[in-house]
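Student: task: produce atomic coordinates for the following.
(2 chains)
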Amino acid sequence: MHAKTILLAAALMTSASAAAGPADGHDLRDLRAPALAHFALSRSAPAADSSVPAPPEIRLWFTEVPQENSMSVRLVDGAGQPVEAGALGQEADDGRVFHLPLEATLPAGGYTVAWRAIGADGHVVRGDFGFTVTAQ
Amino acid sequence: MLAALAGWPLFVALVLVLGGVAARLFILRRLAALGRDPGDRGPEATVAPAVDVMAEAAVRLALAGALLMPLALGLLFLRQLLEFRDPFVPWSEDARLLLLGTVWGHTWSWAMAASAACAGGFALAARAHGVGTGSHVGWWVGAAAALALGFFPALTGHASGTGGIRWLTITADGLHVYAAGAWLGGLTFVLYADRRVRRSVRGSRHALAAARAAPEVTHAGRGATGAAPGSDAGALPLLVPLFSPLAVGCVATLVLTGTLAAWIHMPSPGAFLSAPYGRILGVKLLLAVLAFALGAANWRMLTPRLTRADGPAALRRIATLELWLGQAVLLATAALVRTAP
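Tutor: Below you'll find the model as predicted:
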């Protein structure tokens, strides 16, 4: 009975560890580095609080790759209405970068970009920032 | 604060199911072995009737946790959905995306299936009253599901967000949950089983006689074997000496895995004061140290006094206080896992 118990616990721990993935070559010096970095927006184009000509897309750079299918980006105009946009894309060579193509030229005015995603640690993280489109 | 409260029932449920499993694996197995071989102590000294009462208590405890589990997981899903909400799409679309499209949703679905297996297994074991194949299979299904559920917090929490060392942090976090469950759940079992044994006259009589006649068990810690007939010792002289070494092992595991997690997630010792995560961790540590101190007092000071008339009542009081402190630790943990380090 005791051996069965130990085997069961070992099998469960091994399967959970295997599901978590390999060590990816991290050494002890940077052991904590991934744990200390958390999902957040690092920069954007247009930049937060900037005034720019009508952009063809919204581009967002995050600190980590979010959980698959969890990212949502909305562009909202000054009246609080969502702006029509294309499908949200994720960079193939850098999963931390997302771009939202805009289907029409944005009229001058203030806009808000609202984003939301689930980080690798399961936390829902969301944020928003504003920018202004200047007259052409 | 409400978001943290929503996570607390999950830890309570885990403690109950893992406590029931730990009680059966580490306490009742040793007592049952004694019941199978009463030797020359005479039929009165057999521990079997008391063990039957205690085994039923362990299954009931685990079943209570298993029944709480779906409610706790439901609360977590509701909290996650509220946070995940996109105001420009229907609720149903968000719920479907969260459940079917994300790793968090897949893990949650897996946990719900495990909680159903856990509840079904322990219900079967409880219904069969500890007799026959149904009880045996039911108990093992419930126990396996409970052990799998012990990894749910790790797979959906900070331990998963550690990049290439997830294998280490998830294993350590799972062990942390196992140890917390065996400690607090085991203590809950001791108090609950003692209460049930005291209510069962036959079980109580046999427990006391067996405790006096089986020094190899009751001296496992600082056992008490000389409780006077008619005393209020209940099952404590049998259970406490077997629970104490388990609790010591659990506390050692909690300290080791907790220290590892703190080292990985805390940027510096100064974060104990400067960051919300550090402050909550500090509160959790303080509460845990107080609970450990009460456990140590029970083990080193009150267990040898079980022979005295006021000994059992004093141990029950302190153990109950330890249990409440343990619940406060779980509440602090629920807040901690919601806070970014």
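Student: setting aside sequence neighbours, what's the nearest residue to the residue nearest the centre of chain A?
Tutor: Centroid-nearest residue in chain A, with C-alpha atoms, centre = their mean: A:P66, separated by 4.8 Å. Nearest residue to A:P66, sequence neighbours excluded (C-beta to C-beta, 6 or more residues apart in numbering or on different chains): A:A117, at 3.7 Å. Using the backbone N, CA and C atoms, a C-beta is placed for each residue, glycine as well.
Student: do the same with B:F26
Tutor: Take B:F26 and drop its neighbours on the chain: the residue closest to it by C-beta to C-beta, 6+ apart is B:L246, 4.9 Å away.
Student: thought the one you found was touching B:I27?
Tutor: Yes: contact criterion C-beta atoms under 8 Å: B:L246 and B:I27 qualify, at 7.0 Å.
Student: neighbour count for those two, which is higher?
Tutor: B:I27 (24 against 20; other C-beta atoms under 10 Å in any protein chain shown).
Student: grab the nearest non-local neighbour of the more buried one.
Tutor: B:L242 (4.7 Å).
Student: residues near that neighbour, how many?
Tutor: Neighbours of B:L242 (other C-beta under 10 Å): 22.
Student: B:P49 now?
Tutor: 18.
Student: residues in contact with A:R43?
Tutor: Neighbouring residues of A:R43 by C-beta atoms under 8 Å, 6 or more residues apart in numbering or on different chains: A:W61.
Student: let me fix that, I meant to ask about A:G110.
Tutor: Applying C-beta under 8 Å, 6+ apart to A:G110 gives the contacts A:77-78, A:130-133.
Student: and it, what are its bridge partners?
Tutor: A:T132 (DSSP bridges).
Student: what ranges does chain A have for its strands?
Tutor: Under the criterion DSSP state E, chain A contains strands at A:41-45, A:51-52, A:57-62, A:72-77, A:89-90, A:97-101, A:109-118, A:124-133.
Student: okay, those strands in CSV with mean pLDDT next?
Tutor: Listed next are the strands of chain A as CSV, based on pLDDT from 0 to 100:
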stretch, mean pLDDT
strand A:41-45, 96
strand A:51-52, 96
strand A:57-62, 97
strand A:72-77, 96
strand A:89-90, 96
strand A:97-101, 97
strand A:109-118, 96
strand A:124-133, 96
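Student: which one of these lies closest to B:R338?
Tutor: Of all the strands of chain A, strand A:124-133 sits nearest to B:R338, with 10.6 Å by C-beta to C-beta.
Student: sorry, back to before: distance to B:R316 for the strands of chain A - can I get that in a markdown table?
Tutor: Shown next, in a markdown table, are these (distance: least, C-beta to C-beta, whole Å):
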| stretch | distance to B:R316 |
| --- | --- |
| strand A:41-45 | 54 |
| strand A:51-52 | 70 |
| strand A:57-62 | 53 |
| strand A:72-77 | 53 |
| strand A:89-90 | 58 |
| strand A:97-101 | 58 |
| strand A:109-118 | 45 |
| strand A:124-133 | 43 |
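Student: so the residue nearest to B:I27 sits in a helix?
Tutor: Yes: when classified by DSSP: H, G, I helix; E, B strand; the rest coil, B:L242 is found to be part of a helix.
Student: give me the distance between it and B:A193.
Tutor: 11 Å (C-beta to C-beta, to the nearest Å).
Student: B:G142 now?
Tutor: According to C-beta to C-beta, B:G142 and B:A193 sit 18 Å apart.
Student: got the residues of the stretch 201-341 of chain B near chain A?
Tutor: Residues of the stretch 201-341 of chain B lying near chain A by C-beta under 8 Å from any C-beta of the partner chain: B:263-265, B:267, B:338, B:340-341.
Student: that older thread, pretty sure the residue nearest to A:P66 is touching A:R96, no?
Tutor: No: between A:A117 and A:R96 there is no contact under C-beta under 8 Å: 10.5 Å.
Student: overlap in contacts, the two.
Tutor: A:F62.
Student: in chain B, where's the longest helix?
Tutor: For chain B, the longest helix by residue count, based on DSSP state H, is helix B:48-84.
Student: what is in contact with B:L246 and B:I27 at once?
Tutor: With C-beta under 8 Å, 6+ apart, B:L246 and B:I27 have common neighbours B:G186.
Student: count of residues packed around residue 103?
Tutor: Since no chain was named, I'll use chain A. With other C-beta under 10 Å as criterion, A:E103 counts 9.
Student: right idea, wrong chain: chain B
Tutor: There are 18 residues near B:V103, going by other C-beta under 10 Å.
Student: what helix or strand is B:W140 on?
Tutor: For B:W140, the element it lies in under DSSP states H and E is helix B:132-149.
Student: list the buried residues of that helix.
Tutor: Under the neighbour-count criterion of 16 or more other C-beta atoms under 10 Å in any protein chain shown, helix B:132-149 has B:135, B:138-139, B:141-149 buried.
Student: chain center to it: distance?
Tutor: 16 Å (C-alpha atoms, centre = their mean, to the nearest Å).
Student: what is the end-to-end distance of stretch A:100-113?
Tutor: End-to-end span of stretch A:100-113 (C-alpha to C-alpha, to the nearest Å): 10 Å.
Student: mind listing the strands for the stretch 151-300 of chain B?
Tutor: Counting by DSSP state E, counting those that start in this stretch, the stretch 151-300 of chain B has no strands at all.
Student: most distant residue from the centre of chain B?
Tutor: Farthest-from-centroid check, chain B (C-alpha atoms, centre = their mean): B:F88, 42.4 Å.
Student: let me see the contact set for B:T253.
Tutor: Neighbours of B:T253 in contact, by C-beta under 8 Å, 6+ apart: B:175-176, B:178-179.
Student: mind doing that once more with 6 Å?
Tutor: B:175, B:179 (C-beta atoms under 6 Å, 6 or more residues apart in numbering or on different chains).
Student: closest one of the residues of the stretch 201-341 of chain B next to chain A to B:P237?
Tutor: B:W263 (40.6 Å).
Student: so for that closest one, what's the pLDDT?
Tutor: As predicted, B:W263 sits at a pLDDT of 89.
Student: now B:I165
Tutor: You'll see B:I165 listed with a pLDDT of 87.
Student: count residues in the vicinity of it, would you?
Tutor: Neighbourhood size, B:I165 [other C-beta under 10 Å]: 23.
Student: how close does it sit to B:G157?
Tutor: Remark: distance between B:I165 and B:G157 (C-beta to C-beta) = 14 Å.
Student: circling back to that earlier point, quickly check: the helix or strand just after the longest helix of chain B near chain A or not.
Tutor: Later in the chain than helix B:48-84, the nearest helix or strand by DSSP H and E is helix B:91-96. No: Helix B:91-96 does not reach chain A (C-beta under 6 Å from any C-beta of the partner chain); its nearest approach is 9.2 Å.
Student: that'll do, ta.
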